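Engineer: Below is the structure, and that's it, no one-letter string:
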């Protein structure tokens, strides 16, 4: 997910006006916060609804694929909790499925040359620094109160660089299989490491999804794919209504 400051260069004056006025409109509208959230389509921007719809369609493709949902690059948790909510709605009795989020929760670590390979490249060390871990733990606690089988753990949060946190997680959970891998790390080294270590645990029919593939501001993600897998053997798909998210169904 790209913060508003990173996409300002692509925004028209009307778009910037929309965000500013919608924020004020939400704050001033009648009803409690929960009532306004229940009427979220009044306030949520079209691109964000599109992202939710795209992720719901991806999730539907792995409903019958055994394994966990892994998101690498959690940021503020909207994507992670999308997978969790979809699991609760579409497969409420699947107590085996886990939704696992990996993030430093301290912004980008070191940036590699591949991440600066284009003139539009955006990545700098410390970018996306939002320490949302404790807030997300509270979100998960509240989520568990309201979902079916809420006494069985569904969402796991793993802090640290993936080069360290993924091997540590697998050492404690050697049984892990992955049905859906969502890569939103943006950076070359972390994306390549995640691909290398998760791919061998993904069965046929599993899905790898990318958040910034073919994006000139984040070249490292695409270069990591090119250095890890044969693109000629992959059918990289996208949605007509969502330009950024892409995915591959493994054969």
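Structural biologist: Noted; the coordinates are in hand. Everything quoted here is computed from the prediction, not taken from an experiment. Numbering: from 1, shown residues only.
Engineer: Report whether residue 163 is found in a helix, as I expect.
Structural biologist: Yes. Under DSSP: H, G, I helix; E, B strand; the rest coil, residue 163 falls within a helix.
Engineer: for the closest residue to residue 95 other than its chain neighbours, helix, strand, or coil?
Structural biologist: Excluding the flanking residues, the one nearest residue 95 by Cβ to Cβ, 6 or more residues apart in numbering is residue 152, at 4.8 Å. C-beta: built from backbone N, CA, C; applies to glycine. Look at residue 152: counting by three-state DSSP, its state is coil.
Engineer: Let me see the backbone angles for residue 152.
Structural biologist: Main-chain torsions, residue 152, degrees, to the nearest 10: phi -100, psi 130.
Engineer: Next one: it from residue 62, what distance?
Structural biologist: Distance, residue 152 to residue 62, using Cβ to Cβ, to the nearest Å: 19 Å.
Engineer: Looking at these two, which one has more neighbours?
Structural biologist: The neighbour comparison of residue 152 against residue 62 (other Cβ atoms under 10 Å) goes to residue 62, with 20 against 11.
Engineer: and the gap between the nearest residue to the more buried one once chain neighbours are set aside and residue 107?
Structural biologist: Closest residue to residue 62 apart from its sequence neighbours, by Cβ to Cβ, 6+ apart: residue 179 at 4.3 Å. Using Cβ to Cβ, residue 179 is found at 29 Å from residue 107.
Engineer: between those two, who's got more neighbours?
Structural biologist: Shown here are residue 179 and residue 107; by other Cβ under 10 Å, residue 179 has more neighbours (22 against 15).
Engineer: Name the SS class of the more buried one, please.
Structural biologist: Per three-state DSSP, residue 179 ends up strand.
Engineer: Spit out the contact partners of the closest residue to residue 147 other than its chain neighbours.
Structural biologist: Sequence neighbours aside, residue 88 is the residue nearest to residue 147 in space, at 4.1 Å (criterion: Cβ to Cβ, 6+ apart). Neighbouring residues of residue 88 by Cβ atoms under 8 Å, 6 or more residues apart in numbering: 143, 147, 148, 154.
Engineer: buried set for stretch 116-129?
Structural biologist: Buried residues in stretch 116-129, counted by 16 or more other Cβ atoms under 10 Å: 121, 122, 123, 128.
Engineer: what's that stretch in contact with?
Structural biologist: For stretch 116-129, contacts defined as Cβ under 8 Å, 6+ apart pick out 3, 6, 75, 106-111, 115, 186-187, 216-220, 223.
Engineer: Check stretch 145-153 too.
Structural biologist: With Cβ under 8 Å, 6+ apart, stretch 145-153 has contacts from 88, 92, 93, 95, 98, 143, 144, 154.
Engineer: Now do the fourth one, the pLDDT please.
Structural biologist: So that's residue 95. We have a pLDDT of 97 for residue 95.
Engineer: How many residues are close by residue 147?
Structural biologist: By the measure other Cβ under 10 Å, the count of residues near residue 147 is 16.
Engineer: Pairing partners for the longest strand seen in the chain, with directions?
Structural biologist: If you go by DSSP state E, the chain has its longest strand at strand 242-249. Strand 242-249 pairs in its sheet with strand 207-210 (antiparallel), strand 237-239 (antiparallel), by DSSP bridges.
Engineer: most packed of those?
Structural biologist: strand 207-210 (a mean of 24; mean count of other Cβ atoms under 10 Å).
Engineer: Mind listing residues that contact that strand?
Structural biologist: 58, 61-62, 65, 179-183, 195, 199, 202, 221, 225, 245-250.
Engineer: Name the next helix or strand following that strand along the chain.
Structural biologist: Next in sequence after strand 207-210, counting helices and strands by DSSP states H and E, comes helix 219-228.
Engineer: Counting by contacts, list what that next one packs against.
Structural biologist: helix 188-198 (3 or more Cβ pairs under 8 Å, 6 or more residues apart in numbering; DSSP states H and E).
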